[in-house]
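> My questions are about this predicted structure, shown below with the sequence.
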Amino acid sequence: MPNRVSVNFQLFVRKIIRRFESIFFLAKELLSERNFIYLSCVVTAISCAFAVIILKSFAHNVFLLANYLNTFLKLPYSNSILPIIGILLTVFVIRRFLDGKLEKGSSHILHSVAKKGGIVPKKQMYAQIITSSLTVGLGGSAGLESPIVITGAAFGSNFAQKYKLSQKDRILLLACGVAAGIGAAFNAPIAGVLFAIEVVLTDVSISAFIPIMISAATGALVSQMVLSRDILLSFEQEQTFNFHNTPYYILLGILAGFVSVYHARNFRRVEHFFSRFKNSPYKKALFGATLLAILIFFFPTLFGEGYESIRTLSTNHPEILLDNTILKNHKNSEWILLAFIGITVLLKSFATGLTLGSGGNGGNFAPSLFVGSYLGFFVAKSIHLLGISNALPIGNFTIVGMAGILSGLFHAPLTAIFLIGEITGGYDLMVPLMIVSSISFAVSKRFEKHSMDVKNLADKGEVFTSNKDKNILQSIDFLALIKTDIKTITIENSLENLVDHLSTLNQELFPVVDEKEKLIGIVDFNDIRTTIFNTFKVKYTSVNEILKQPIDVVQYDDGVEVVMEKFETTNQATLAVIKYGKFFGFISKIDILEEYREKLKEMIIE
């Protein structure tokens, strides 16, 4: 009986989905191309906003549960156990339900844009939500924003694929999903737009702004309607700027740049260490999670995203952070609080590296805000305690510091400036935000050419760079060049059948497939010219005797540079394309080169 109910429910859900799909197919027929894009960006944004709501609500409620266990039930430091459970569960889900592999980090969005025409795997629509909620929701020291933007990108990409939109529109909807994710996560639509443009898109036209703005605004609106302000990172107090403090903001910007470099390099070092554990994922998870638990035992503020501690740090009673720590009896000592804050700044990269390197899922967006706020507090409090200046607004420095580290780590100063401006409810700190963000970006850029999320990909040439010529080939939508109206034959077909096809089709290559559409070999007309004009050979020669194995094949999700490399190494003019193990079509080198020529002409005209 329960199985029948389950089956009926699944059929009901599928029926509802098919009805919605039919509505959108009808809308595509009735609406203009531009209006359908507007509709698509709204749907993508709403989907992404609900993903944000699920993730943020889960993480916030688990944090409240951890505090409840620590205080009311008199179980101190119990929250250090939760990350072990979360990371082990994450590894279990990845290995059991996600084929043992999950792409982490927003760099994979850039890889999809640069190499795969904006195609993001369908599983990313749900895999990021599940795994990051287990990791970060149960206390892993990482952020939810990276999984959120990957989920948004997956919604946009797969929506475009479902309704057969062009590569340009596919990448646009992918960016819309990213903008909606940031907009919903922080109730900051302007920051969402800027993040999509600064980080995801290398070139953007004015017409692309409208769908991205609609998506960011929609995501922020839905999130604001459902989530409470306790869950979203926000600050109520009014902030003012005193120009006499400018030298101290310059100092904060310089330090933020160096701390950004330290955080990025240290994080990569920890991840690289755990990459050696290739054959024992559960041992790696247990080892890394245990080290993380030890850090959280001594520094409980490393638990989860850390947004609650950021709010506490910006208030008039930051000593509350020492509650439920081994230093709680010394929380009235400002120097001990300062030391605690400073050490936490240095340890956050280890905590995040342990979380993600051991098998958890998350990102560095929230850690960048965490480190920035702690650094800002540390700088202002140090200047105050040293007697250099007693008039520094520590809350201001705490808030502005977030923009400094965000700008330094992600090389996105505009996003940093407007994100902090939006979550503080005004732009009274615009000048110090600009000072700190720009200086931090300049310092970080001096030592790290690429942002921490894309450094490895950029070194391999797998993301867009400032070299326009190098980007031309990457911008080609090779999927649109695949010829899919190909007549296939089977082993059982006779050569006589093939001759009949030759007389009616303008086709030189015939793929030989089995009953599951798997490619067995290829029959080339040029190889059998002498055979088909011999009646005896036509009658008694089997297809199996004349087929040949392809030297190489192209996978559907290969990037265009990979495809061209295969053309060069095989010295072939045409290659077979395989999609999900089945024959899909043929791709011609001449067609790609012709498209390259057209792209080059367009770029020269512009």
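That came through fine.

> Check N467 and give its pLDDT.
Looking at N467, its pLDDT stands at 48.

> Could you do N3 as well?
pLDDT for N3: 55.

> And the strands in this structure?
For the chain, the strands defined by DSSP state E occupy 509-513, 519-524, 553-555, 574-579, 582-588.

> Next up, the contacts around Q128.
Residues near Q128 by C-beta atoms under 8 Å, 6 or more residues apart in numbering: 102, 147-148, 150-151, 154, 361. Yep, even glycine has a C-beta here, placed from its N, CA and C like the rest.

> hey, where'd the helices end up in the stretch 451-600 of the chain?
455-459, 468-474, 495-504, 529-532, 535-540, 543-546, 560-570, 589-605 (DSSP state H, counting those that start in this stretch).

> Is K123 in contact with K101, as I believe?
No: using C-beta atoms under 8 Å, K123 is not in contact with K101; the gap is 9.6 Å.

> Closest to L39 out of the contacts of Q128?
Nearest to L39 among the contacts of Q128 is A154, at 18.7 Å by C-beta to C-beta.

> what about the nearest residue to that closest one once chain neighbours are set aside, distance to S358?
Closest residue in space to A154, ignoring its immediate chain neighbours: Q124 at 3.7 Å, by C-beta to C-beta, 6 or more residues apart in numbering. Distance of Q124 to S358, given as C-beta to C-beta, to the nearest Å: 21 Å.

> S407 now?
S407 sits 28 Å away from S358, going by C-beta to C-beta.

> out of these two, which sits in the busier spot?
With neighbours defined as other C-beta atoms under 10 Å, S407 and S358 compare such that S407 has more, 35 against 30.

> what's around the spatially closest residue to L414 that is not a sequence neighbour, how many residues?
Distance criterion C-beta to C-beta, 6+ apart; nearest residue to L414, sequence neighbours excluded, is L194 at 4.7 Å. Per other C-beta under 10 Å, the neighbour tally for L194 reads 23.

> Ok, V226 next?
Using other C-beta under 10 Å, V226 has 15 neighbouring residues.

> Pretty sure it sits against I54.
No: contact criterion C-beta under 8 Å: V226 and I54 do not qualify, at 10.1 Å.

> Stretch 88-105 spans what distance, first to last residue?
Stretch 88-105 has an end-to-end distance of 19 Å (C-alpha to C-alpha, to the nearest Å).

> what's in contact with it?
By C-beta under 8 Å, 6+ apart, stretch 88-105 touches 121, 123-124, 127-128, 130-131, 134-135, 138, 140, 146, 150, 281-282, 285-286, 289, 356, 359-364, 453.

> Stretch 441-448 now?
253-254, 256-258, 260-261, 264-265, 407-409, 411, 413, 455.

> Minimum pLDDT in these, which residue is that?
Lowest pLDDT among the contacts of stretch 441-448: K455, with 73.

> number of nearby residues for the residue lying closest to it once chain neighbours are set aside?
Closest residue to K455 apart from its sequence neighbours, by C-beta to C-beta, 6+ apart: E448 at 6.9 Å. Burial measure for E448: 18 neighbouring residues, criterion other C-beta under 10 Å.

> ok, now the one 3 residues further on?
With neighbours defined by other C-beta under 10 Å, the count for S451 comes to 25.

> For it, give me its contacts.
Residues in contact with S451, defined by C-beta under 8 Å, 6+ apart, are 199, 409-412.

> Quick one: mark the members of these that sit in helices.
Within those, residues falling in helices by DSSP state H are 409-410.

> Filter the contacts of S451 down to the buried ones.
The neighbour-count criterion (16 or more other C-beta atoms under 10 Å) marks 199, 409-412 among the contacts of S451 as buried.

> Widest-spaced pair of these?
So, these by C-beta to C-beta: farthest apart are V199 and L409, at 11.3 Å.

> for E145, what are its contacts?
Counting by C-beta under 8 Å, 6+ apart, E145 has contacts 181-182, 185, 363, 365-366.

> Could you identify which of those residues has the most neighbours?
Most neighbours among the contacts of E145, by other C-beta under 10 Å: G181, with 37 neighbours.

> I'd guessed that one sits against S146; true?
No: under the criterion of C-beta under 8 Å, G181 makes no contact with S146, lying 9.3 Å away.

> Who are the contact partners of the nearest residue to Y126 once chain neighbours are set aside?
Nearest residue to Y126, sequence neighbours excluded (C-beta to C-beta, 6+ apart): T151, at 8.0 Å. Shown in contact with T151 (C-beta under 8 Å, 6+ apart): 48, 51, 124-126, 128-129, 177, 181.

> Can you check which helix is longest in this protein?
helix 33-71.

> And the residue sitting nearest the centre point of the chain, its phi and psi?
Nearest to the mean C-alpha position of the chain, by C-alpha atoms, centre = their mean, lies S106 at 2.8 Å. Backbone torsions for S106, taken as degrees, to the nearest 10, come to phi -70, psi -10.

> From G306, how far off is it?
From S106 to G306 the distance is 19 Å (C-beta to C-beta).

> Farthest pair within the contacts of Q128?
Using C-beta to C-beta for every pair in the contacts of Q128, the one that comes out farthest apart is L102 and I148, at 14.9 Å.
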